[in-house]
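Colleague: this one's sequence-less:
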């Protein structure tokens, strides 16, 4: 099933905005109070998705410097004595069922997990939802900006000897370079890891349910999966999580500043 295009996202955004305006003008009701924030939020998310798809269409298909930067990352990680990505792949390939699971997890879980988290947080924890949505916006915007610095994934470095798991087991995600929904020379940072961090950490800090300990594992599992499939370097994930953390910190700072201004605006005898 193909990803929605930017045109489809723009239409969805526009229709949702129109619905929001219509409902806003209707007499106040319980149904209207529930639909207003839903229409507004859907227009925002679909609009951001449309921008992300448009950015993907920018003419940045060149490979200039991508392979050498990837080798520099590999050397830097070796200096830090991090385990190599190819070692992770050798481990999963030695266990056929695990290789299939890892390949499927990379191709299938990424987007549905994020959508499920956004819907759950919006419906069940409306007060905390905007904070984590803004963290999502920050990490996605950061990934779009940094993609201008071309970095190849580990599987493009011939001397490492990666196996294309999607070719062996199916569920291919990318296709030829320059085609598909994602830019294969934009490995830094990993949007897979960034979105997984929003889902896992957002769930962990929003709820006190025992299930949060299960959901939080989505982050380390995703980090392992992107390395074992050869799609990302460890550093790609580290930078993505840092972008999310910076976005959340900035959002917290803004909220505190606005709160302080409101308090300052209240008359002393109020």
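Modeller: Alright, I've got the coordinates. Since this is a predicted model, take the numbers as computed values, not measurements.

Colleague: switch to C-alpha atoms for all contacts and neighbour counts from now on
Modeller: Will do.

Colleague: for residue 235, grab the count of nearby residues.
Modeller: 18 (other CA atoms under 10 Å).

Colleague: now it: which helix or strand?
Modeller: Per DSSP states H and E, residue 235 falls inside helix 234-265.

Colleague: which strands or helices does that helix pack on?
Modeller: helix 66-79, helix 129-146, helix 191-206, helix 218-228 (3 or more CA pairs under 8 Å, 6 or more residues apart in numbering; DSSP states H and E).

Colleague: now that helix: average pLDDT?
Modeller: In this model, helix 234-265 has a mean pLDDT of 88.

Colleague: okay, buried residues for that helix please.
Modeller: Neighbour counts over helix 234-265 (16 or more other CA atoms under 10 Å) mark 234-245, 247-248, 250-251 as buried.

Colleague: and the angle from it to helix 191-206?
Modeller: With axes from the mean of the first three to the mean of the last three CA atoms, to 10 degrees defining the directions, helix 234-265 sits at 40 degrees from helix 191-206.

Colleague: point out where the stretch 101-250 of the chain drops to low pLDDT.
Modeller: For the stretch 101-250 of the chain, the stretches with pLDDT under 70 are 170-183.

Colleague: give me the phi and psi for residue 186.
Modeller: Residue 186 adopts backbone torsions of phi -120, psi 50, taken as degrees, to the nearest 10.

Colleague: now it: closest residue in space that isn't a chain neighbour?
Modeller: Distances taken as CA to CA, 6 or more residues apart in numbering put residue 147 closest to residue 186, at 4.9 Å, once the chain neighbours are dropped.

Colleague: so who does that neighbour touch?
Modeller: Listed by CA atoms under 8 Å, 6 or more residues apart in numbering, the contact set of residue 147 reads 185, 186, 187, 188, 189.

Colleague: reformat the residues you listed as CSV; add distance to residue 45, secondary structure and neighbour count.
Modeller: Below are the contacts of residue 147 laid out as CSV (distance: CA to CA, whole Å; DSSP: H, G, I helix; E, B strand; the rest coil; neighbours: other CA atoms under 10 Å):
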residue, distance to residue 45, secondary structure, neighbour count
185, 25, coil, 25
186, 23, strand, 25
187, 24, coil, 26
188, 23, coil, 27
189, 21, coil, 29
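
Colleague: and the residues you listed, which two are furthest apart?
Modeller: 185 and 189 (10.6 Å; CA to CA).

Colleague: what about residue 50, distance to residue 114?
Modeller: According to CA to CA, to the nearest Å, residue 50 and residue 114 sit 16 Å apart.

Colleague: neighbour count winner among these two?
Modeller: Neighbour count, other CA under 10 Å: between residue 50 and residue 114, residue 50 has more, with 22 against 18.

Colleague: the more buried one and residue 8, how far apart?
Modeller: Per CA to CA, residue 50 is found 8 Å from residue 8.

Colleague: and what of residue 221?
Modeller: 32 Å.
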